[in-house]
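Give me the fold of what follows.
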Amino acid sequence: MPLFEYKGLNKTGKNVRGTIDADNSRSARTRLKKDDIYVIDLKDKSKATKKLGAKKSSHNKKVSVNDLSIMTRQLATLLKANIPLVDALGAVSEQLENENLSNVMAEVKNNVNEGAPFHKSMYNYPKIFNKIYISMCEAGEMSGSLDVILLRLAEFTEDQNELNNKLKSAMLYPALMTVFMLGMLAVLFVFVIPKMVMVFESNPELVLPWYSVMVINFSGLLVNYWHVIAGSFVLSFLLFRSWKNSPSGRSQYDIILLKLPIIGKLARMVAVSRFTRTLSTLLRGGVPMLTAMQIVRNVVNNDVLAQALDNARENISEGESIAGPLKKSEQFPPIVIHMINIGEKTGELEEMLTQVSDAYDFQVKTEVEGITSLLTPVMLILMGCVIGVIVFAIMIPVFEMSGVGG
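Purely as a prediction, here's the structure:
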């Protein structure tokens with residue numbers, strides 16, 4: 001059945017837009033009229049819909065994790081109520097507030113209606129549906145438990161979004177403090193100190209102490225060569241990014257990152273949490289172990305840990321357990337290896353992985369809160385000391401000029 005995209009006005013005069021299934025444009029207008037919608041524009045979207053194997057859709061743009069989670073939970077609820085997949089996809093596409101995702105789901109629904117499997121209908125939208133999402137939907141379709149899998153996917157995306165939000169919110173205040181401190185220093189060096197230098201120069205008998213000379217020279221450097229300094233920072237950033245994005249640079253960067261005192265420990269905990277939760281979700285969804293290991297290597301976002309998982313996957317394909325190869329890599333904490341080993345022996349690997357992930361999520365939250373609570377007073381003290389030195393270096397000559405300091 002063709003899919004029509006409409007724009008119109010409802011009975012209150014408000015602009016509305018969406019999609020509707022109908023045999024033809026006349027039928028679509030009739031249905032919309034019954035819903036008290038005055039049609040302004042009506043287009044047959046089915047003619048422009050990309051079929052499987054066609055080029056990427058123009059709707060293949062990223063959507064927020066929250067929108068994807070809401071859509072997934074709605075679709076799971078409809079399927080659990082025994083509503084056919086095609087009808088469920090149509091209902092979801094019509095009620096989604098995100099226009100991009102709504103259009104994508106309408107196209108997916110058309111592909112499914114034409115006989116394509118649900119998981120293959122999402123291949124054309126890699127920026128929206130990642131490998132984890134598609135693999136779990138495939139497992140759900142094969143096992144006949146797509147509604148259960150979608151519900152687990154919704155919970156998984158919500159957990160990942162919650163962890164990311166905690167990290168962002170925890171680092172927001174220190175970031176704002178840093179910007180405020182740099183802004184205040186820029187005002188002092190670029191505007192205040194040059195004016196004070198003019199005052200000092202008007203008194204040739206004044207002998208400036210060495211610390212005042214250093215502050216004034218640094219201010220002059222910023223004022224006269226700010227474009228060179230800014231260009232150097234930009235060039236350094238571009239060179240660093242180019243090195244980091246290269247294959248060898250990425251590996252070196254990840255090795256250095258994991259060895260850093262505080263940040264390295266935090267990065268490893270976040271990676272372990274993502275690895276264990278993702279693997280648990282995939283295994284619960286019926287994805288085979290080897291396929292799941294291939295998927296989770298991209299989740300850890302660290303080449304060192306990803307290489308360890310690749311080696312573990314090769315050993316697992318030869319009949320070994322998962323705990324042994326991970327232990328040999330020496331990249332995963334002993335408690336993680338121990339819990340995985342127990343899970344394999346008791347047949348409760350998915351549950352053990354979830355417990356590890358929950359524990360590491362809590363540790364990450366506690367660690368970040370501890371770092372930020374320590375970082376705030378340190379930054380305040382540092383900012384006070386720097387500003388104090390600058391004020392001291394400027395005010396002492398002022399006192400000498402006025403005869404107070406003598």
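
May I have the secondary structure class of Gln331?
coil (DSSP: H, G, I helix; E, B strand; the rest coil).

right, I mislabeled it, should have said Pro126
Secondary structure of Pro126, per three-state DSSP, is coil.

okay, it: pLDDT?
In this prediction, Pro126 carries a pLDDT score of 85.

Tell me, how many residues neighbour it?
Counted by other C-beta atoms under 10 Å, the residues lying close to Pro126 total 13. All C-beta spots, glycine's among them, are computed from the backbone N, C-alpha and C.

Dihedrals phi and psi, it?
When read as degrees, to the nearest 10, the backbone of Pro126 gives phi -70, psi -20.

helices and strands around the helix or strand where Val304 lies, which ones?
Using DSSP states H and E, Val304 sits in helix 303-317. Using 3 or more C-beta pairs under 8 Å, 6 or more residues apart in numbering; DSSP states H and E, the elements in contact with helix 303-317 are helix 247-259, helix 263-284, helix 289-296, helix 323-329.

Now render the ones you listed as a markdown table, adding mean pLDDT, distance to Val389 and mean neighbour count.
Formatted as a markdown table, the helices and strands packed on helix 303-317 follow (pLDDT from 0 to 100; distance: least, C-beta to C-beta, whole Å; neighbours: other C-beta atoms under 10 Å):
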| stretch | mean pLDDT | distance to Val389 | mean neighbour count |
| --- | --- | --- | --- |
| helix 247-259 | 89 | 32 | 14 |
| helix 263-284 | 86 | 28 | 21 |
| helix 289-296 | 84 | 50 | 18 |
| helix 323-329 | 86 | 48 | 18 |
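
any chance of those in a markdown table, with distance to Asn161 too?
Shown next, in a markdown table, are the helices and strands packed on helix 303-317 (distance: least, C-beta to C-beta, whole Å):
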| stretch | distance to Asn161 |
| --- | --- |
| helix 247-259 | 23 |
| helix 263-284 | 12 |
| helix 289-296 | 18 |
| helix 323-329 | 27 |
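
mind checking which of these is nearest Pro194?
Closest to Pro194 of these, according to C-beta to C-beta: helix 263-284, at 37.4 Å.

Report the inter-axis angle for that closest one versus helix 289-296.
Calculated by axes from the mean of the first three to the mean of the last three C-alpha atoms, to 10 degrees, helix 263-284 forms an angle of 140 degrees with helix 289-296.

Determine which of the helices and strands packed on helix 303-317 approaches Val336 most closely.
Using C-beta to C-beta, the helices and strands packed on helix 303-317 put helix 263-284 closest to Val336, at 5.9 Å.

mind listing the helices for the stretch 101-250 of the chain?
Secondary structure of the stretch 101-250 of the chain (DSSP state H, counting those that start in this stretch): helices at 131-143, 146-187, 193-201, 210-224, 226-245, 247-259.

Return the most buried member of these.
Of the helices of the stretch 101-250 of the chain, the one with the most neighbours on average (mean count of other C-beta atoms under 10 Å) is helix 131-143, at a mean of 20.

Output the contacting helices and strands for that one.
Judged by 3+ C-beta pairs under 8 Å, 6+ apart, helix 131-143 is in contact with helix 146-187, helix 263-284, helix 289-296.

For Leu206, find the nearest of the helices and strands packed on helix 303-317.
For Leu206, the closest of the helices and strands packed on helix 303-317 is helix 263-284, at 46.6 Å, according to C-beta to C-beta.

What are the neighbouring residues in contact with the spatially most central residue of the chain?
For the chain, the residue sitting closest to the mean C-alpha position, by C-alpha atoms, centre = their mean, is Asn164 at 6.5 Å. For Asn164, the contact set (C-beta atoms under 8 Å, 6 or more residues apart in numbering) comprises Val65.

With the one 3 residues further on instead?
Leu167 makes contact with Val270, Val364, Val368, according to C-beta under 8 Å, 6+ apart.

burial measure for the second one, as a count.
Same thing as Val364. If you count neighbours by other C-beta under 10 Å, Val364 ends up with 20.

of all the helices of the stretch 101-250 of the chain, which lies closest to Arg73?
Arg73 sits nearest to helix 146-187 of all the helices of the stretch 101-250 of the chain, at 4.1 Å, using C-beta to C-beta.

orientation of the closest one relative to helix 263-284 in degrees?
160 degrees.

Relative to Pro333, which of the helices and strands packed on helix 131-143 is closest?
Proximity to Pro333, assessed across these by C-beta to C-beta, is greatest for helix 263-284 (6.8 Å).

re the thing from before, how about residues contacting the helix holding Val304?
Residues outside helix 303-317 that contact it (C-beta under 8 Å, 6+ apart) are 250-251, 254-255, 258, 268, 271, 275, 289-290, 293-294, 296-298, 300, 322, 324-326, 328-329, 331-332.

now it against helix 263-284, angle please.
Per the same axes, to 10 degrees, the angle that helix 303-317 makes with helix 263-284 is 30 degrees.

Buried residues in helix 303-317, which are they?
By 16 or more other C-beta atoms under 10 Å, the buried positions in helix 303-317 come out as Asp303, Val304, Leu305, Ala306, Ala308, Leu309, Ala312, Arg313, Asn315, Ile316.
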